[in-house]
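Colleague: Just a sequence and a predicted model for now, questions to come.
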2 protein chains.
Amino acid sequence: MLQLDVFIFKKNILELALKRLIFAENYQVSFMSKLVIVGTVAFDAIETPFGKTDKILGGAATYIGLSASQFNVDSSIVSIAGGDFPQDYLDLLSSKNIDISGIEIVKEGKTFFWSGRYHNDMNSRDTLVTELNTLADFNPIVPESYRDAEIVMLGNLHPLVQQSVLNQMTTKPKLVVLDTMNFWMDCALEDLHNVIKNVDVITINDEEARQLTGEYSLVVAARKIHDMGPKYVVIKKGEHGALLFHNDNVFYAPALPLEAVFDPTGAGDTFAGGFAGYLAKTGDTSFENMKNAVIYGSTLASFCVEKFGTERMQDLSSEEVLKRLLQFKQLTQFEIVLNDNL
Amino acid sequence: MLQLDVFIFKKNILELALKRLIFAENYQVSFMSKLVIVGTVAFDAIETPFGKTDKILGGAATYIGLSASQFNVDSSIVSIAGGDFPQDYLDLLSSKNIDISGIEIVKEGKTFFWSGRYHNDMNSRDTLVTELNTLADFNPIVPESYRDAEIVMLGNLHPLVQQSVLNQMTTKPKLVVLDTMNFWMDCALEDLHNVIKNVDVITINDEEARQLTGEYSLVVAARKIHDMGPKYVVIKKGEHGALLFHNDNVFYAPALPLEAVFDPTGAGDTFAGGFAGYLAKTGDTSFENMKNAVIYGSTLASFCVEKFGTERMQDLSSEEVLKRLLQFKQLTQFEIVLNDNL
């Protein structure tokens, strides 16, 4: 059964060769895309069993932007804030190579504020305060130079705001990713359905997928969402990982098992930012590459929850990310050779 | 960065060569072990949202045995039943190459009977009836010819019964796997701790791991269980898959996302049977091979839930198993090449 020529190579040499060849192929398709991110920049005040914070930097676009910045992509945040939003926060985003010209500052206004308290299991939380402030009248303006961006990441916001961003794109984006939540299903379902029609990928958590479709099985729910428009459906299951659906294909990325989740705030947005950032970086929106994007998203989210708010993401090094990616490989990769002899 | 010699092979040829080499290595270590299985054989009556059954074949040892039989291993079930246990059920087990000489038949007694009703989410159930019957006085006797078995699978039973089986082994087994449940933590905790000290692998579900250790984090719980004796800890999370812990190593096998779970009865035992059966078949109890065992366990469990009771497992072909293993590969395997350039 074995051929002699196989033995002229040792296994590790073959693996190395294979790795290099794959790298070469990846490298050839590598192409840096521009990334537009729409979402909130915000103040968050968070209580977990480990402690509580005063108002700190938060917001979906903030987490998405910081996460995507790991790939050094050319990104732009489209958002709104009040005069109370510290220059330091804007400088932080700029320092991560994020264009902030699309963040409208309403000098006399106040920044969106959210406050929440997590329960002991960290899987559920109570919202204590929501002050929309300037966000109530948010009219997103995509900077001229980003209207031809290849990748658009529509963070969790009113579906009409998400649609408005799409309407401003002068070139049809290569990939539009949308994140949403149950709140919009409750109060703007028709608008949500309308924008969902126009996106390629939706990221949504398991309970929201069930709410949107009325189906308990995530396989059936994903198929129904697929029929609403998105070719790719990502269902986020928190500590239980994430599923990527595309037609009859499914890919599963676990969450890294952690000793402690310190603060789950922003984990979903960090996942989405890693997902979109990796696709922008590689310029390859195939299903195979999207698997990698899901793994990167899970990897980055595993850091996010280690400290309060954005703290862990602010100084995250690429060495740390690579090391954790290796953990994901060890966590999930196995070598069963399929043959008739079980 | 690329070396010319790489290009004399196309990628698929390299992959094929690599695959053959791995197969060759697996083949060399392949060694058929004997497998002893202790656990219940039973009548089950099951209600799910999809229907209900009269008394059908059930029991931990039954599910474990049927699952392990996929590997054509030389296995023996140690159990007890009443005179009401149909000869057909015994014949079924025998037809799967399972030695049944260790199943004591108490002619005037009745077989263990369990009845349960699953809730709509299939994740929780109410026990309607438990009649221990002959199981109340079960004194397990391992057949002489299996007292030197290399692999022992202690299915969910009183810890003293599990220990009694271990005491009868004349040769120290290569691997002892123990499955248990919260019931024994509630009513026989000290006995449970005593037998846990003597096993290599424990399989336990997430809530039970938390109960046994008082720890919410499964990473911390696994470490504490590790300190109780087992070098390997498998935490079963139902529809969310299973985690294998060994020192600081973790491996994660997802459950296959299914359109519908018809009847979850026996899924955990089927997982354990696939796990132990694969290890008996290969004779390789390394962590790397145990990863494969976890994948086989998940694969076989994914069939078990498709029909009522043992129905799906009775006529499962190796072709079906291979096809589903391929689905698990597609579900979990990705190719990120790690290099400094994220």
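Modeller: Cool, got the structure. Numbering: from 1, shown residues only, chains lettered A, B, ... in the order given.

Colleague: and A:Asp191, how many neighbours?
Modeller: 16 (other CB atoms under 10 Å in any protein chain shown). All C-beta atoms are positioned from the backbone trio N, CA, C, and that covers glycine.

Colleague: Over to A:Pro264?
Modeller: A:Pro264 has 20 nearby residues by other CB under 10 Å.

Colleague: right, and it touches A:His119 too?
Modeller: No. A:Pro264 is beyond contact range of A:His119, at 10.7 Å (criterion: CB atoms under 8 Å).

Colleague: Mutual contacts of those two, please.
Modeller: By CB atoms under 8 Å, 6 or more residues apart in numbering or on different chains, A:Pro264 and A:His119 have these common neighbours: A:Arg125.

Colleague: Let me see the contact set for the closest residue to chain B within the stretch 101-250 of chain A.
Modeller: Closest approach between the stretch 101-250 of chain A and chain B, counting by CB to the nearest CB: A:His240, at 4.3 Å. Going by CB under 8 Å, 6+ apart, A:His240 touches A:Pro254, A:Ala255, B:Lys237, B:His240, B:Gly241.

Colleague: before we move on, what about A:Leu218?
Modeller: Contacts of A:Leu218 (CB under 8 Å, 6+ apart): A:Asp206, A:Ala209, A:Arg210, A:Ile235, A:Leu243, B:Pro257.

Colleague: same deal with A:Val73?
Modeller: A:Met32, A:Ser33, A:Lys34, A:Leu35, A:Asn97, A:Gly277, A:Ala280, A:Lys281.

Colleague: For burial, what's the neighbour tally of the closest residue to the third one other than its chain neighbours?
Modeller: With CB to CB, 6 or more residues apart in numbering or on different chains as the measure, A:Ala149 is the residue that lies nearest to A:Lys34, at 3.9 Å, once sequence neighbours are left out. Burial of A:Ala149, expressed as a neighbour count using other CB under 10 Å, amounts to 25.

Colleague: my guess is A:Ala149 contacts A:Ser33, does it?
Modeller: Yes. Assessed by CB under 8 Å, A:Ala149 is found in contact with A:Ser33 at 7.1 Å.

Colleague: burial of the closest residue in space to A:Ser217 that isn't next to it in sequence, as a residue count?
Modeller: Sequence neighbours aside, B:Glu259 is the residue nearest to A:Ser217 in space, at 5.4 Å (criterion: CB to CB, 6+ apart). When neighbours are defined as other CB under 10 Å, B:Glu259 has 11 of them.

Colleague: cool, and the one 10 residues further on?
Modeller: B:Asp269 is surrounded by 30 other residues when neighbours are defined as other CB under 10 Å.

Colleague: Could you tell me whether it really is in a strand?
Modeller: No. The assignment for B:Asp269, made by DSSP: H, G, I helix; E, B strand; the rest coil, is helix rather than a strand.

Colleague: measure it to B:Leu300 for me?
Modeller: 10 Å (CB to CB, to the nearest Å).

Colleague: between these two, what contacts are shared?
Modeller: Taking CB under 8 Å, 6+ apart as the contact rule, B:Asp269 and B:Leu300 both touch B:Ser67.

Colleague: Would you confirm that A:Ile295 contacts B:Phe334?
Modeller: Yes. Under the criterion of CB under 8 Å, A:Ile295 makes contact with B:Phe334 at 5.6 Å.

Colleague: Name the nearest residue to A:Met169, ignoring sequence neighbours.
Modeller: Closest to A:Met169 by CB to CB, 6+ apart is A:Arg147, at 5.6 Å.

Colleague: got the contact list for the one you found?
Modeller: A:Gln168, A:Met169, A:Thr170, A:Thr171.

Colleague: Which entries within these meet the buried criterion?
Modeller: Buried subset of these (neighbour count, 16 or more other CB atoms under 10 Å in any protein chain shown): A:Gln168, A:Met169.

Colleague: tell me the two of the contacts of A:Arg147 that are most distant?
Modeller: A:Gln168 and A:Thr171 (10.9 Å; CB to CB).

Colleague: how about the helices in the stretch 151-300 of chain A?
Modeller: For the stretch 151-300 of chain A, the helices defined by DSSP state H, counting those that start in this stretch cover A:159-168, A:182-187, A:189-196, A:206-213, A:218-228, A:267-282, A:287-304.

Colleague: Low-confidence regions, the stretch 1-150 of chain A specifically.
Modeller: Residues of the stretch 1-150 of chain A that meet the criterion pLDDT under 70 lie in A:1-31.

Colleague: Now with 50, please.
Modeller: Low-confidence segments of the stretch 1-150 of chain A, defined by pLDDT under 50: A:1-14, A:17-29.

Colleague: Please, where are all the strands along it?
Modeller: Here the stretch 1-150 of chain A has its strands, by DSSP state E, counting those that start in this stretch, at A:34-38, A:42-48, A:51-52, A:56-58, A:74-82, A:98-99, A:103-106, A:113-118, A:125-131.

Colleague: Nearest to B:Ala60, out of these?
Modeller: strand A:113-118 (37.9 Å).

Colleague: Direction included, what does that closest one pair up with?
Modeller: strand A:42-48 (parallel), strand A:125-131 (antiparallel) (DSSP bridges).

Colleague: any residues touching it, and which ones?
Modeller: Residues contacting strand A:113-118 (CB under 8 Å, 6+ apart): A:42-49, A:55, A:58, A:124-131, A:133, A:263-265.

Colleague: repeat that for 10 Å
Modeller: A:40, A:42-50, A:52-53, A:55, A:58-59, A:82, A:84, A:124-133, A:135, A:261-265 (CB atoms under 10 Å, 6 or more residues apart in numbering or on different chains).

Colleague: still on that earlier bit, which one of the strands paired with strand A:113-118 is the most hemmed in?
Modeller: Stretch with highest mean neighbour count among the strands paired with strand A:113-118: strand A:42-48 (a mean of 22; mean count of other CB atoms under 10 Å in any protein chain shown).

Colleague: Send me it as PDB with only the CA atoms.
Modeller: What follows is strand A:42-48 as a C-alpha-only set of coordinates in PDB (Å, rounded to 0.1, in the frame of the first residue of the first chain):
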ATOM      1  CA  ALA A  42     -19.400  55.100  23.900                       C
ATOM      2  CA  PHE A  43     -18.800  55.400  27.600                       C
ATOM      3  CA  ASP A  44     -19.500  52.100  29.400                       C
ATOM      4  CA  ALA A  45     -19.800  51.600  33.200                       C
ATOM      5  CA  ILE A  46     -19.400  47.900  34.000                       C
ATOM      6  CA  GLU A  47     -20.000  45.700  37.000                       C
ATOM      7  CA  THR A  48     -18.800  42.100  37.200                       C
END
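
Colleague: Run the angle between that strand and strand A:74-82 for me.
Modeller: Per axes from the mean of the first three to the mean of the last three CA atoms, to 10 degrees, the angle that strand A:42-48 makes with strand A:74-82 is 90 degrees.

Colleague: so how far is strand A:42-48 off the chain centroid?
Modeller: Its chain's average C-alpha position is 20 Å from that of strand A:42-48, according to CA atoms, centre = their mean, to the nearest Å.

Colleague: quick one, what contacts the nearest residue to A:Val177 once chain neighbours are set aside?
Modeller: In space, and not counting its chain neighbours, A:Val177 is closest to A:Val201: 4.4 Å by CB to CB, 6+ apart. Contacts of A:Val201 were listed using CB under 10 Å, 6+ apart, and they are A:151, A:153-154, A:175-179, A:230-234, A:244, A:246, A:272, A:275-276, A:279, A:285, A:290, A:293.

Colleague: so what's A:Ser69 up against?
Modeller: A:Leu35, A:Ser75, A:Leu93, A:Ser95, A:Lys96, A:Asn97, A:Ile98, A:Gly273, A:Gly277, A:Met313, A:Gln314, A:Leu316.

Colleague: who wins for neighbours among those residues?
Modeller: For those, neighbours were counted using other CB under 10 Å, and A:Gly273 has the most, 37 neighbours in all.

Colleague: Nearest residue to it in space, please, no chain neighbours.
Modeller: With sequence-adjacent residues excluded and distances taken as CB to CB, 6+ apart, A:Gly273 is closest to A:Ser67, at 2.9 Å.

Colleague: I figured that neighbour hits A:Ala293, correct?
Modeller: No. Counting by CB atoms under 10 Å, A:Ser67 does not reach A:Ala293; the two are 11.6 Å apart.

Colleague: I am finished for the moment; much appreciated.
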